[in-house]
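Asks: sequence and predicted model, in that order:
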Amino acid sequence: MDETALIQQAKEGDVNAYNRLVLHYQQLVYNVTYRIMGEPQSAEDATQEAFISAYKSLNKFRGGNFKAWLLRIATNACYDELRRRKRRPQSSLDELTEENESFAFMRDPAEGPEAHQQKMDLTRAIEDCLQGLPEDQRVTAVLCDVEGYDYNEIAAITSVSLGTVKSRVSRARAKLRDCLQGVQELLPASYRLDTVG
């Protein structure tokens, strides 16, 4: 895929070129929005909003890292939705589904039902802990520890300084570690804190 050519064609009004960009990035954007929003429908809405906003703003893209630019728009769409939720709280959240690809690595067809249930319980616990983080820390933790972006990429995506990214990652990890101690028995042994003194 020649991303630069597709971007230029899309800027010139070629909808098919933009659709190719959407197809290339849609799973990545959805995974990020899902981790931030915590429910499939909201993630789908934020993903759709991000691609619509990106299309409308395409002429403002001056080159550079298109993926970082697109993810900045997606995280901003999530922030907007989270602010709306604070004004109009929702009564319930959808459950995490097995179809979500971000946790595909946790599935093993050879595992028994008990091991599978423990993994699903751990997945839910991680999701609950992520949702308990302040928005800025949640976004940073998702981009760093779930999606694997480095600090410089996260700084570009979130439009904050490198020091702020490092601080948010550190605080988020500490809060996640504290939160997950409540379900320590679900964690792999290498991740458990030794409480025997």
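Replies: Received, thanks.

Asks: element containing the residue most central in space within the chain, please.
Replies: By CA atoms, centre = their mean, the mean C-alpha position of the chain lies nearest to residue 32, the distance being 2.3 Å. Residue 32 is part of helix 15-37 when elements are defined by DSSP states H and E.

Asks: which SSE is immediately downstream of that helix?
Replies: Along the chain past helix 15-37, the next helix or strand (assigned with DSSP H and E) turns out to be helix 40-56.

Asks: mean confidence for that next one?
Replies: Here the mean pLDDT over helix 40-56 is 93, rounded to a whole number.

Asks: let's have the chain start at 45 instead
Replies: Okay, using 45 as the starting number, the last item reads as helix 84-100.

Asks: quick one, what contacts the residue lying closest to residue 103 once chain neighbours are set aside?
Replies: Taking CB to CB, 6 or more residues apart in numbering, and ignoring the residues beside it in sequence, residue 103 has residue 55 as its nearest neighbour in space, at 5.8 Å. Where C-beta positions appear, they are placed from N, C-alpha and C, glycine not excepted. Residues touching residue 55, when contacts are defined by CB atoms under 8 Å, 6 or more residues apart in numbering, comprise 102-103, 105.

Asks: contact partners of stretch 215-226?
Replies: Outside of stretch 215-226, the residues that reach it under the criterion CB under 8 Å, 6+ apart are 169-170, 172-174, 176-177, 181-182, 184-185, 189, 231, 235, 237.

Asks: among the residues you listed, which are in helices?
Replies: Residues of the contacts of stretch 215-226 located in helices (DSSP state H): 169-170, 172-174, 181-182, 184-185.
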